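Student: Structure for this input, please:
(5 chains, ligands or ions: 4)
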Amino acid sequence: MTALISAKDLAISFGGVIAAEGVSLDVFEDDHLAIIGPNGAGKTTFLNICTGYLKPSAGSVTFQGRSILGSSPRAITRMGIARAFQIPQLFTEQTVLENMLIAAASQARRFAPFTPLMQIPERKEAEHILELVGCDDVSDRPASELPEGKRKLVDIALALALKPKVLLMDEPTSGVASSEKFDIMDTLIGALREQQVTSVFVEHDMEMVSRYANRVAVWNAGHIQSQGTPEDVLQDPEVVRTVIGV
Amino acid sequence: QDKPEEINIGITTFTSGPASVFGVPGQEAARMLAENLNEAGGIQGVPVSLSFIDEGAGAETLTTEYRRLVQDENVDVMFASISSGNCINIAPLAEDLEMLNILWDCGTQRIFEEADYRYNFRTQANATPEMLAPLLYLLKNNPDFETIAVVNQDYAWGRDSWELFSTALKQLKPDVEVVGEFFPSFGASDYSAEISRLLATQPDVILSTSWGGDLDTFVRQANQRGLFSNSQFVLPLVESSLERLGSDLPDGVIVGGRGDHYFLHPEYKDGEELQDFVAQYRERTGDYPIYPAFHMAQAFAALEAAYDKAIEANDGGWPDREQLVDAMAGLEYRGHGRPLTIREDNQAIEAQLIGTTKHVEGYDFPIIDNMMIFDGADLMPPAGENSIEWIETLDESFVEEVSADEYQHEE
Amino acid sequence: MSLQILVLTVLDGIAYGSLVFLVAVGLTLVFGVMRILNVAHGSFYALGAYAAASLGLVLSAYGISAWFAYPLFIVAAVAVGVSVGGLMERFILRRIYVREEYLQLLVTFAIFMILDNVQRLVWGVQPYFYTEPLSLMGNVTIVGIPYTAYQVIFLPLVALFILFGLRWFLRKTLAGSLIVAVTEDREAATAIGINARKVFFLTFIIGTTLASLGGALASPTTSVLPGMGAEMIVLSFAVAATAGLGQIGGAAIAALLIGLGRSSAVFFMPELEVVVPYLIMVIVLLFRPEGLFGKTTARKI
Amino acid sequence: MLELKDLSVSIARIPILRNVSFEVQEGETIAFVGRNGAGKTTTLRAIMGLVTAQGSILLNGQAVDHVQAHERPALGIGYAPEDRRLFSAFTVEENILLPARVAQLTQDETNRRLERVYGILPELKEMAKRPAGSVSGGQGKMVALGRGLMLGTHLLLLDEPFQGLAPVLANRYAEALRALRDTDRSLSVIITESNPGLLKNFASRVITIERGEIESVEDVSKVEA
Amino acid sequence: MLMRIVLPVVVLVAIVLPLATSGWDAFLTLVWAKALPVLGIILLLQAGQVSFGHAMFFATGAYTAGFVIRAIPGGEIVIALAAAIGASVVAGLLVGVFVVRYRYIFFAMFNLAFSMVFYSLLEKFIHITGGSDGLSIPRPEILGQAMERSEYEFVLYYLALALLVICLYGVHRFLDSPLGHTLKAIKTNETRIEYLGLSPRRVLLIAYIISAFLAGLGGALVAVFQGIATPEYAYWVRSGEFVFVAILGGTGNVFGALAGSFVYEYIRVTATAYVGDTWQLTLGLVLLVIILFAPSGLVGVLNDIRGYLGKGRREPTPSGGKQPSGKTEKQRGEEQ
Ligand SMILES: Nc1ncnc2c1ncn2[C@@H]1O[C@H](COP(=O)(O)OP(=O)(O)OP(=O)(O)O)[C@@H](O)[C@H]1O
Ligand SMILES: Nc1ncnc2c1ncn2[C@@H]1O[C@H](COP(=O)(O)OP(=O)(O)OP(=O)(O)O)[C@@H](O)[C@H]1O
Ligand SMILES: [Mg+2]
Ligand SMILES: [Mg+2]
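Tutor: Ligands and ions are numbered 1, 2, ... in the order given. The predicted structure follows:
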């Protein structure tokens, strides 16, 4: 089985703060890899490196065997790595649907100067994705007005609209009310499975991890402390001490 | 055609922006002249009324307003304008609108050299004589200088006037070296660097055709740092700043005022007309009249003369516009200087008065001494010829050929 | 000779630069900190100059020693900055802080027109002068060239004083921190007990006062006349941008660069003089897109 | 000590809160739960005076409706916003200290409170000198919480304080807060939280809000006992 | 609503006006022409960027038209306009590749810098450009027809009107397209645009070139109407005026360009005509009032009315903030 994304010996630090050091990780086809770890361990930084937002001081990242080191987030996104953010990145002055359609148009490379955005053929799909993450009810609200939880979900929907091969999610459901998040994740991961989208998600909720991840990587102070199947990793006393607690 | 209710004069002038140092005096003079005229029963018994347009409001507003006055307010004559740019802009418009347009203050010699107009007339001199006169004065009075530097505003007037002056200088005194050409931006507030440079190079002559606040600032900063003691200054427009500059303008500076008008004009200062004009104007504004005021007076004089002439030609009948325009051609009239004539290219021939500053009893600002009055005709190319080309045909002998009447300041 | 020229270039550069800094620093503060494109800044410069000149002329009218002019300048500046600036903030700007930022541009532009006109109505169109403070300090001769002490010594000193004063104020004082906080996030600031309105009010007044102080200090060196404000607007914006948002130190360096650039242009390439500020801005921004001392904004993701 | 009476909020003419009424006893901790968009944050913002609200808010019996937003923190209310809202121009510690400086607390009072904050959130100490703009999402939440704690002497409004924190930390902080409340009996706390587990044997009452209306108020203190 | 009802009505009025009354057409021709650069500014404002230098394209168009007309005997207006458009598009591209790297004040000032350099070039090369007196432009032929001023202006009126309407509609459609919406998105979140696989700079560049084209066309029209092009066309005050008028009209809708341009010019001309010395004062005051009582611009007023009539919920006032949420929070914060 070939590694889809493969990071080798990544290192980066910010004025003394080590955010990554000797980080090596492979993400395989159809993986649903969970990344856990204490705050400030370097999880988001890892995603930033994989998407070309940060350039590591050492190490390499390949996607489908091609090095993506030094490629721009734009280029990497086009290759098929989509990302949802820890702090939602939305077009706040536009409605949720407009947000989605911009993503869809970009994905389908639709830039005919005079066809209205609202009439692009991808609209159906976009609306479907909004349903998937349970945001169809706010589709005509300006993103700035959304409650935190919805923002997170719309952010994921935007990434999905790009029909990625790999979907990176940074704490997808933090801030999503616990009453809903499992239903949403069920449908979401379900959809990913059937569309064979590989996913990597940073998570602090261990229940989420054990439910949806087939592999777990544990970050700590810029290192990968351990990785493996949820069952093993979540039992690991070391992990319990540094991440989960009692 | 029978007499109208009134003669409606539209005047474009600067009431905002830096050039309002000319515009407002011009406006005041216009109001004053109109009042006098109407007290005296108006032009041929018809009172005049004025409407003004602010040139400071920008070119488009100017033309829109100009049209409005002509087409909707149907004024009988327009006086436009102070800015040469605006004159160039308005002249063709006036021509098409068949509106009698008097270029009452703008200086560029190009207008009548580059196009023929029927409806446009200039009732005062233009840049060519206004630059040749100070040069001739310089050459006649202090002929032995070797170096010259110029500090002019960075816009058309500053550049054109220098082109005229320097071209002529090359012809009339080829051996002179130009050691500095500075064109600080229009409205510049600081000339320290230029002044340092001039102090370092010490040119024999320093020319500046700047005006208004720019000129005042330059003179003050120069005087403050003793630049006047090293170099002979030639300031062809400084007549309009004399009163403001007061003691900051030392003696011995060569002064011009774009024509032969001056509140102490040696030939007319004892005459009642000039005295009344000056007295009235001072009463009204608190200042001595400066050249825009005189230019306005010339425009009015020309208009009056034109009506008289036209009515006479029309044996007593009130002239229509065409007749009035016909009358303008070859018109002879007089403001508060020597008599003027409009020549065939619609450009007036006006004498030029140049002198040297001197501080005297009774004035807390320098007056003009060692005056020379040049006959305008000598300093202009024949009608239709291009000034620069004509100047290039001149040579040293020109300095002697052109004669001037000399006067001293006397109480 | 060439050495002399060099010295002169530097001196003139410093003299002019100081003046530019004094005018631009207020804008750098108001724009950089409050993000208000205050086009009316130029008017405050002009008003300050007019006020100073008028007061000065009153002095000389009553034959009072021109030494009093220097404190009077400050009085004039504060009077203008606080009264006009205060009214402007309180009754107009305050109503639009929360609106589309560019509305502020519109408002200040309108106010600029109004003030410009008011100046003409109050002071007429003839240039004003009040040069005593300049003559009073006399000249100093450097490498054989006379300079006015006012321009080559006094103004640079004042500029330095303002520079370090402001930096200290913004960095070390509570008020400074408040300003910075309110600018970054008005609501969060309110939520920790900061009176955002008051802070904006004070900041704006400081800015306008500095502008009119610039005008007051400039008045002895130049003609005070209609339209003098307009020139300064662009120059100030150029400085503010070159400096980097709200960078007082940057403003000082930018102003100095502009001063030196201008004087060297006059000495070596007069034709360039007019465009110097823009060239400098372009060059700086080409290499430092956020301005000389501009900070790259906080991480977003 | 805090009482909301028929609090209603609408923004751009959409009703967001409808007659929300409840009170919080001195020393009590309320878990304020509800689905996304229910109105939790808006309620807290209303208490802080950050949104215009109809109805009235009483603090210790005093109506604070007319107390300006920026004067409310001085009443001893500390607010940790959901979306952090740090001042990136300052360091982490400056962020935490700013409220104290604004309130012009005495030096040792400030130090006392700072110690309290570091006591509860020791992780902040290591980051103290770092630019607040550079910290990670979760670290940001900690700073926000710490900043809230500086002023919250009577009332703490914590909007999803543990969101995005590693469980080990979340649990520890929850513990620390509880301890704090137990030592300082006059301190009341409102926590919006979507993860009830953390609030077990901490909150005395759980108030559920739905579509801007109070749905249920259940007393859990008994359950715990 | 604006596009479907108001604009057609306005156009209709505009078409019959010169036939019905006189004295308006000269004024209106300038309004049409000057609405074009304003439209360009509005386009850029969608991305939250203000240009203080678009007068440079205005002048580029004007001078190009001028040179062409002077160069070819008779001077064909169609060729002149075409050339002007070509020139300003090229200029837009050249300047654009630089400025789209910058944002906010840096974007604004970079534009300003370019335009001021251009301005002084126009002033300095006096023998080519006529310096500050300007380049006078003889009246061109229209489709080979030499014309009297009156009929020439009559035709020019409709030409300008037609071009304006086309541009208004075109830009309106563009803004509604995916690209247009991406442009708006630049204002709030460029990171996300990058992460959608798009280049904010490229999108902005496209908009920039269009806006340069609009400014150039407007400049050319003003120039051929005025019969002169002066460096003042490139001066920062004019750039400022474009921005000013754009905001006055309302940046939310292309229609704002027309509304703003008309109202501004109208107040200005009437003020100059009737209050003389205090026209600036009057203009300033009137504008202040408009701003304070119609903060979202003249077009905003229409929308508000619509809002209050209950037709659809009024959008919360758009924010121009750096941190998108930050700014809306600011708004919320202010609602105390
Ligand atoms: N500025 C605004 N304009 C319009 N509607 C708004 C605005 N702010 C919030 N809302 C609406 O008010 C409702 C309540 O929002 P609020 O943030 O209080 O929910 P919440 O309970 O905090 O949700 P979450 O748990 O996701 O934070 C939501 O429907 C939201 O869309
Ligand atoms: N742009 C940056 N500048 C300075 N420091 C940074 C930057 N990005 C990350 N860091 C530091 O690197 C460390 C790792 O940050 P990162 O965001 O990856 O943590 P994380 O694992 O995502 O934490 P969390 O779970 O809270 O999101 C943190 O200490 C953070 O302060
Ligand atoms: Mg993270
Ligand atoms: Mg919330």
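Student: switch to C-alpha atoms for all contacts and neighbour counts from now on
Tutor: Fine.
Student: Is there a neighbour count for whichever residue of chain A sits closest to chain D? I'd like the number.
Tutor: Taking CA to the nearest CA, chain D has its nearest neighbour within chain A at A:Gly245, 4.1 Å off. The number of residues packed around A:Gly245, counting by other CA atoms under 10 Å in any protein chain shown, is 16.
Student: any idea how far the lowest-mean-pLDDT helix or strand in chain B is from the chain center?
Tutor: Taking mean pLDDT, DSSP states H and E as the measure, chain B has helix B:59-67 as its least confident helix or strand, at a mean of 85. Centroid separation for helix B:59-67 versus its chain: 23 Å, with CA atoms, centre = their mean, to the nearest Å.
Student: How about stretch A:138-152?
Tutor: In terms of CA atoms, centre = their mean, the centre of stretch A:138-152 is set 19 Å apart from its chain centre.
Student: residues of it that come out buried?
Tutor: A:138-139, A:141-152 (16 or more other CA atoms under 10 Å in any protein chain shown).
Student: Give the other helices and strands that the least confident helix or strand of chain B contacts.
Tutor: strand B:48-54, helix E:25-46, helix E:255-275 (3 or more CA pairs under 8 Å, 6 or more residues apart in numbering or on different chains; DSSP states H and E).
Student: Let me see the ranges of the helices in chain B.
Tutor: Along chain B, counting by DSSP state H, helices occupy B:20-39, B:59-67, B:84-97, B:110-114, B:127-141, B:156-172, B:192-201, B:212-224, B:242-245, B:272-285, B:291-313, B:321-328, B:387-392, B:397-401.
Student: Any part of the fifth one near chain E?
Tutor: Same thing as helix B:127-141. No: Helix B:127-141 is not in contact with chain E by CA under 8 Å from any CA of the partner chain; minimum separation 13.8 Å.
Student: so is the residue lying closest to E:Gly170 once chain neighbours are set aside in a helix, a strand, or just coil?
Tutor: With CA to CA, 6 or more residues apart in numbering or on different chains as the measure, A:Phe114 is the residue that lies nearest to E:Gly170, at 8.0 Å, once sequence neighbours are left out. Of the three states, A:Phe114 takes coil under DSSP: H, G, I helix; E, B strand; the rest coil.
Student: which ones are touching A:Phe114?
Tutor: E:Gly170, E:Arg173, E:Phe174, E:Asp176, E:Ser177 (CA atoms under 8 Å, 6 or more residues apart in numbering or on different chains).
Student: May I have the phi/psi pair for the residue most central in space within chain D?
Tutor: Nearest residue to the geometric centre of chain D (CA atoms, centre = their mean): D:Leu157, 1.8 Å. With angles defined as degrees, to the nearest 10, D:Leu157 shows backbone torsions of phi -110, psi 110.
Student: again, but for B:Gln109
Tutor: Torsion angles, degrees, to the nearest 10, at B:Gln109: phi -80, psi -10.
Student: what's the neighbour count on it?
Tutor: Neighbours of B:Gln109 (other CA under 10 Å): 21.
Student: contacting residues for it?
Tutor: Contacts of B:Gln109 by CA under 8 Å, 6+ apart are B:Asn126, B:Ala127, B:Thr128, B:Ser387.
Student: Of the residues you listed, grab the buried ones for ChimeraX.
Tutor: Listed next is the ChimeraX selection for buried residues among those, using 16+ other CA under 10 Å:
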select /B:126,127,128,387
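Student: Which residue ranges of the chain form strands?
Tutor: Just going to use chain A. In chain A, the strands defined using DSSP state E lie at A:3-14, A:17-28, A:32-36, A:58-63, A:66-67, A:81-84, A:166-170, A:198-202, A:215-220, A:223-228.
Student: hmm, I had chain C in mind actually
Tutor: Using DSSP E, strands in chain C cover C:139-142, C:145-148.
Student: Enumerate every residue touching A:Ala112.
Tutor: Counted by CA under 8 Å, 6+ apart, A:Ala112 has contacts E:Ser177, E:Pro178, E:Leu179.
Student: need these in JSON lines with pLDDT, can you?
Tutor: Shown next, in JSON lines, are the contacts of A:Ala112 (pLDDT from 0 to 100):
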{"residue": "E:Ser177", "pLDDT": "91"}
{"residue": "E:Pro178", "pLDDT": "92"}
{"residue": "E:Leu179", "pLDDT": "92"}
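Student: Get me the contact residues on chain D for ligand 2.
Tutor: Contacts of chain D with ligand 2, taken as CA under 6 Å from any ligand atom, map to D:Ser134, D:Val135, D:Ser136, D:Gly137, D:Gly138, D:Gln139.
Student: check contacts around the residue in the stretch 151-300 of chain E that ligand 2 sits nearest to.
Tutor: Closest residue of the stretch 151-300 of chain E to ligand 2, CA to the nearest ligand atom: E:Thr191 (14.0 Å). Counting by CA under 8 Å, 6+ apart, E:Thr191 touches A:Gln89.
Student: Now tabulate the strands of chain A in CSV and tack on mean neighbour count, mean pLDDT and distance to chain D.
Tutor: Formatted as CSV, the strands of chain A follow (neighbours: other CA atoms under 10 Å in any protein chain shown; pLDDT from 0 to 100; distance: least, CA to the nearest CA, whole Å):
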stretch, mean neighbour count, mean pLDDT, distance to chain D
strand A:3-14, 19, 90, 9
strand A:17-28, 19, 89, 10
strand A:32-36, 27, 91, 8
strand A:58-63, 19, 90, 21
strand A:66-67, 12, 90, 27
strand A:81-84, 28, 93, 14
strand A:166-170, 26, 93, 10
strand A:198-202, 24, 92, 10
strand A:215-220, 23, 90, 11
strand A:223-228, 18, 89, 15
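Student: what's the closest of those strands to C:Thr209?
Tutor: Smallest distance to C:Thr209 across the strands of chain A (CA to CA): 40.9 Å, for strand A:3-14.
Student: near chain C, anything from that closest one?
Tutor: No: using CA under 8 Å from any CA, strand A:3-14 stays clear of chain C, coming no nearer than 12.0 Å.
Student: That strand versus strand A:198-202: what angle between them?
Tutor: 30 degrees (axes from the mean of the first three to the mean of the last three CA atoms, to 10 degrees).
Student: How about residues contacting strand A:3-14?
Tutor: Here strand A:3-14 has contacts from A:18-29, A:50, A:55-65, using CA under 8 Å, 6+ apart.
Student: Against chain C, which of these make the cut? List them.
Tutor: Of the contacts of strand A:3-14, not one also sits near chain C (CA under 8 Å from any CA).
Student: sorry, back to before: out of the strands of chain A, nearest to D:Glu3?
Tutor: strand A:166-170 (37.9 Å).
Student: And that closest one, what does it pack against?
Tutor: Using 3+ CA pairs under 8 Å, 6+ apart, strand A:166-170 sits against strand A:81-84, helix A:148-160, strand A:198-202.
Student: okay, these in CSV with distance to chain E next?
Tutor: Formatted as CSV, the helices and strands packed on strand A:166-170 follow (distance: least, CA to the nearest CA, whole Å):
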stretch, distance to chain E
strand A:81-84, 7
helix A:148-160, 8
strand A:198-202, 16
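Student: looking at the ones you listed, which is closest to ligand 1?
Tutor: helix A:148-160 (3.6 Å).
Student: Return the angle between stretch directions for the closest one and strand A:166-170.
Tutor: Going by the same axes, to 10 degrees, helix A:148-160 makes 160 degrees with strand A:166-170.
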